[in-house]
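Visitor: From the sequence below, what's the structure:
(one chain, ligands or ions: 1)
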Amino acid sequence: MHVLVTGGAGFIGSHSVAALLADGHTVRVLDNLHSGQAENVPPEAELILADITDQVAVEAAIQGCDAALHLAALVSVPQSLKQPIETFGVNTTGTAYLLEAARRMGCRRVVLASTCAVYGDIPGMKAEVAPLHPLVPYSASKLMAEELLRCYARSYALQTICLRYFNVYGPRQRADSPYSGVLARWCAAVRVGQPCRVFGDGEQTRDFVSVHDVARANLRAITSAAIESGAVYNVASGQALSLNTILATLRELVGPQMTREYAPARSGDILHSCGDSTRLQALGWHPEIELATGLAELVEI
Ligand SMILES: NC(=O)c1ccc[n+]([C@@H]2O[C@H](COP(=O)([O-])OP(=O)(O)OC[C@H]3O[C@@H](n4cnc5c(N)ncnc54)[C@H](O)[C@@H]3O)[C@@H](O)[C@H]2O)c1
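Guide: Numbering: from 1, shown residues only. Predicted coordinates:
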């Protein structure tokens with residue numbers, strides 16, 4: 001297949017590009033390098049430097065593609081609180097441009113990178129049928145993007161699939177801001193002998209899923225004939241681990257020189273998050289990488 005990957009120079013995008021190439025597909029990346037890096041894109045893939053809100057560029061990029069994996073987005077929750085209009089513009093309107101380009105150019109399938117943040121802070125394991133409570137502009141922008149995909153699946157001959165990732169971690173995740181993925185920040189801190197900072201008491205739980213597992217889920221969503229168009233699938237490990245438990249695992253890996261410090265909880269942070277990925281598992285995808293294995297890989301980098 002010929003596949004367009006928007007946001008392919010980013011963390012999840014670059015691993016997904018590698019998985020698609022390894023499976024024998026031709027890959028074109030559209031990215032404006034807002035948070036991604038050109039060197040993340042393997043040389044076998046074509047890189048188009050363009051903005052997802054540039055309708056003409058998006059249409060040109062999708063020409064000749066059988067499917068599109070749509071990851072380009074403004075991903076920072078704090079930024080979305082400060083700049084909601086920019087967030088809706090890239091994440092929601094950008095998705096509309098991509099869908100319309102796909103429809104006009106005869107691309108058959110669009111897969112969206114959505115987020116567990118659409119569930120908000122409801123307790124318990126989240127299946128796809130759980131109520132949706134986006135708490136911040138970032139999650140609202142993604143939920144609206146999901147609605148656009150469902151609309152295009154109903155209205156046109158376009159297959160659309162939404163994947164709701166839980167907390168993704170792994171190599172190439174940026175660690176250079178307090179809002180970066182917590183495991184990337186901790187592993188970077190450990191490497192330079194600084195304490196791992198925890199916001200809150202550390203008893204909040206997260207469902208961490210390896211980027212390698214997410215890349216395989218993306219590959220499956222792009223290529224599977226069995227996947228349901230218009231549907232949504234959680235991509236989760238199914239394990240809720242507290243940050244304190246994960247810090248204990250990290251300490252076992254790196255030794256007693258690892259220290260931690262606690263800072264006040266941040267507003268907007270969700271307390272508990274765990275995903276039920278039974279629906280995707282029925283299609284043959286399973287989370288394969290245990291957190292301890294994934295952490296060991298991160299610590300070694
Ligand atoms: N990392 C996670 O835990 C997680 C969880 C749920 C959902 N997601 C979603 O997965 C996708 C990828 O996230 P990531 O963690 O790899 O983040 P990332 O920041 O590494 O990737 C986003 C990519 O989109 C590009 N981009 C941003 N604005 C753009 C624009 N206007 N035009 C073109 N390209 C643009 C960036 O340069 C970057 O390469 C995002 O859609 C995000 O919302 C991520």
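Visitor: Okay, now the unreliable bits of the stretch 151-300 of the chain?
Guide: Counting by pLDDT under 70, the stretch 151-300 of the chain shows low-confidence ranges at 177-179.
Visitor: Please tell me I have it right and residue 238 contacts residue 207.
Guide: Yes - using CB atoms under 8 Å, residue 238 is in contact with residue 207, at 6.9 Å. (C-beta placed from N, C-alpha, C; glycine too.)
Visitor: Pop the domain breakdown of this protein in here.
Guide: The record assigns the chain these domain ranges, following automatic domain parsing: 2-168+209-235, 169-207+238-300.
Visitor: Please state the offset of the last one from the chain centre?
Guide: Here the centre of domain 169-207+238-300 is set off from its chain's centre by 15 Å, with CA atoms, centre = their mean, to the nearest Å.
Visitor: just to revisit the earlier point, any idea which of the domains of the chain gets closest to the ligand?
Guide: domain 2-168+209-235 (2.1 Å; CB to the nearest ligand atom).
Visitor: Which positions in this structure make contact with the ligand?
Guide: 7, 9-13, 31-36, 51-53, 71-75, 90, 94, 113, 115, 165, 167-168, 181 (CB under 6 Å from any ligand atom).
Visitor: So which of the residues you listed are in strands?
Guide: Of those, the ones assigned to strands by DSSP state E are 31, 113, 115, 165, 167-168.
Visitor: Show me just the buried residues among those residues.
Guide: Neighbour counting by 16 or more other CB atoms under 10 Å classes 31, 113, 115, 165, 167-168 among these as buried.
Visitor: Kindly indicate which of the residues you listed lies nearest residue 280.
Guide: When these are compared for distance to residue 280 (CB to CB), residue 165 wins out at 11.0 Å.
Visitor: residues in contact with that closest one?
Guide: Residue 165 is in contact with 12, 113-116, 209, 214, 235-236, counting by CB atoms under 8 Å, 6 or more residues apart in numbering.
Visitor: Against residue 189, how distant is it?
Guide: Per CB to CB, to the nearest Å, residue 165 is found 24 Å from residue 189.
Visitor: neighbour-wise, which of residue 238 and residue 207 wins?
Guide: Neighbour totals were compared for residue 238 and residue 207, and residue 207 leads with 26 against 17 (other CB atoms under 10 Å).
Visitor: wait, the more buried one sits on residue 168?
Guide: No - taking contacts as CB under 8 Å, residue 207 lies outside contact range of residue 168: 10.0 Å.
Visitor: ok, which stretches of the stretch 151-300 of the chain are strands?
Guide: In the stretch 151-300 of the chain, strands defined by DSSP state E, counting those that start in this stretch lie at 159-165, 167-169, 196-199, 205-206, 208-210, 231-235, 241-242, 260-263, listed in chain order.
Visitor: Correction: the previous question concerned the stretch 1-150 of the chain.
Guide: For the stretch 1-150 of the chain, applying DSSP E, counting those that start in this stretch gives strands covering 2-6, 26-31, 46-49, 67-70, 109-115.
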